[in-house]
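Enquirer: Structure of the sequence below:
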Amino acid sequence: MSVSQPLGNGEPHVPAGWRVALAIVATLLVGIGVVVLIARAAGFVRVRDVIDEADPTWFFVCLVAEVVAFSAYAVVVREALRWRGGPEPGFGLSAHVTLASLGATRIVAASGAGGIAVAYWCFRRARLSTGEALVRVLGLNTLVFFVFGVGAWVAALLATLLGPAPLGLTLPWLVVVPACIVAARFVTEQGRVERLSRPVGSILRRGFAYAIAGTGWVRVVLPHAGGRRAVAAAAVYWAGDAVCLWAALRSVDVSLSPSELVLAYATGYVAMVLPLPFGGLGSVDAAMTYALTVVGVPLAPALVAVAVYRLFGFWVPTIPALAALALLPRAGRGLERAAAATSAPAVAA
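Expert: Residues are numbered from 1 along each chain as shown. So this is what the prediction gives:
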């Protein structure tokens, strides 16, 4: 199996080191080009002054925030694996799966698909059936972004009522998030979800069915203790990443209200979930910088703050993530042992 082909249960094929290095160098050049263009618009002298005046003591807060964030995501993965008699992977193994999935998003062109493929391979090694593994992987991603959407909606509402954020920035969140929740509730009603989640027909139809099944899985787990733990961990994950941005802004002496911070963060983060190479490098920097300027941050400090945020949120985790991806077979063997130690059978699709 390759990280771009989520089928099969053998040893994963990790791209050669030179391919990974080439992808990193190429996308790094693109990212630098985007930053240079924004810096030119802000004024190179002004950007240099902001860098000179930055307070590096806030960088430690950025690092701790990201460690907390990725640790929380590992808890979400752990809860998804252990649901209804699944294996107990432990925190270390769950963190390995999390980092390996992150590593795949760094090197696969369709970044989200790469992470999903790696997570799916890991869930299959945990002796979950083909359908159940895919449903849980899609479900845990749906749960994480459900929490993201709710947080963005609350921030947009508060920014509309209390802050100076323009309606053009807040209205999409205020409309789209409730619409998605209503649609998800509709398609996951008992009886309807069973019909819509049958994986039959064309590839597109089967993909839609699994997406519905993953959404239905979220609805099933939410009332249970494991689901509540996963929701809390997802909230910590997003909060940790947003705190990293907050600390980056504080390093250049910029303060935002919590609603403005979350709104700018969420708006900029949308570019990261698009199927772009190497985690959307460049597009995320531009989108988040623009979102910060919309809520009142001058362009030069916004650019420097986003660069600091991306350093700790993107580049620092990349090294352990690629190492975890290279050691993915070890994680697979650990998941097999965890599954063997579990007496309860895996749930069928």
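Enquirer: mind listing what residue 242 touches?
Expert: 261, 262, 265 (C-beta atoms under 8 Å, 6 or more residues apart in numbering). The C-beta positions use only the backbone N, C-alpha and C, and glycine is treated the same way.
Enquirer: ok, so of the residues you listed, who is nearest residue 206?
Expert: residue 265 (34.4 Å; C-beta to C-beta).
Enquirer: Quick check: closest non-adjacent residue to that closest one.
Expert: residue 242 (4.8 Å; C-beta to C-beta, 6 or more residues apart in numbering).
Enquirer: go on, residue 219?
Expert: Using C-beta to C-beta, 6+ apart, the closest residue to residue 219 is residue 188 (4.7 Å).
Enquirer: any idea how far that neighbour lies from residue 340?
Expert: Residue 188 is 33 Å from residue 340, where distance means C-beta to C-beta, to the nearest Å.
Enquirer: So these two - more neighbours on which side?
Expert: The neighbour count for residue 188 versus residue 340, taken as other C-beta atoms under 10 Å, is higher for residue 188 (21 against 10).
Enquirer: Would you agree that one is in contact with residue 214?
Expert: No. The criterion here is C-beta atoms under 8 Å, and residue 188 misses it with residue 214 at 9.9 Å.
Enquirer: State the pLDDT value of the residue nearest to residue 265.
Expert: Note on residue 242: pLDDT of 96.
Enquirer: Tell me if I'm right that residue 135 and residue 214 touch.
Expert: Yes. Assessed by C-beta under 8 Å, residue 135 is found in contact with residue 214 at 5.4 Å.
Enquirer: More neighbours: which of the two?
Expert: residue 135 (27 against 21).
Enquirer: Am I right that the more buried one sits in a strand?
Expert: No. Assessed with DSSP: H, G, I helix; E, B strand; the rest coil, residue 135 is helix; it does not lie in a strand.
Enquirer: Show me how far stretch 82-90 is from its chain's centre.
Expert: Relative to its chain's centre, stretch 82-90 lies at 22 Å (C-alpha atoms, centre = their mean, to the nearest Å).
Enquirer: can you give me the helices for the stretch 201-349 of the chain?
Expert: Using DSSP state H, counting those that start in this stretch, the helices assigned to the stretch 201-349 of the chain run over residues 203-221, 225-251, 258-269, 283-294, 299-310, 316-326, 328-340.
Enquirer: show me where pLDDT drops low in this protein?
Expert: By pLDDT under 70, the low-scoring segments of the chain are 1-31, 34, 106-112, 163, 271-282, 343-349.
Enquirer: what residue of it is the furthest out?
Expert: Residue farthest from the centre of the chain, counting by C-alpha atoms, centre = their mean, is residue 45 at 34.5 Å.
Enquirer: helix or strand for that one, which one?
Expert: helix 44-53 (DSSP states H and E).
Enquirer: Need the contact partners of that helix.
Expert: By C-beta under 8 Å, 6+ apart, helix 44-53 touches 39, 252, 253, 300, 301, 303, 304.
Enquirer: swap in stretch 74-88?
Expert: Contacts for stretch 74-88 (C-beta under 8 Å, 6+ apart): 89-91, 94-95, 97-98, 119, 123, 126-128, 136-137, 139-140, 143-144, 221, 226-227, 229-230, 233-234, 236-237, 335, 338-339, 341-342, 344-347.
Enquirer: How about stretch 157-175?
Expert: Contacts for stretch 157-175 (C-beta under 8 Å, 6+ apart): 149, 152-153, 155-156, 257-260, 263, 266-267, 291, 294-296.
Enquirer: ends of that stretch, how far apart?
Expert: 11 Å (C-alpha to C-alpha, to the nearest Å).
Enquirer: Just give me how far that stretch sits from the chain centre.
Expert: 23 Å.
Enquirer: buried stuff in stretch 250-262?
Expert: 250, 251, 252, 254, 256, 257, 259, 260, 261, 262 (16 or more other C-beta atoms under 10 Å).
Enquirer: Give me the distance between the two termini of it.
Expert: 15 Å.
Enquirer: which residues touch that stretch?
Expert: 50, 53-59, 61-62, 151-152, 154-156, 158-159, 162-163, 165, 242, 245-246, 249, 264, 295-297, 301-302, 304-305, 308.
Enquirer: just to revisit the earlier point, report the buried members of the contacts of stretch 74-88.
Expert: Using 16+ other C-beta under 10 Å, the buried members of the contacts of stretch 74-88 are 89, 94-95, 97-98, 119, 123, 126-128, 136-137, 139-140, 143-144, 221, 226-227, 230, 233-234, 236-237, 335, 338-339, 342, 346.
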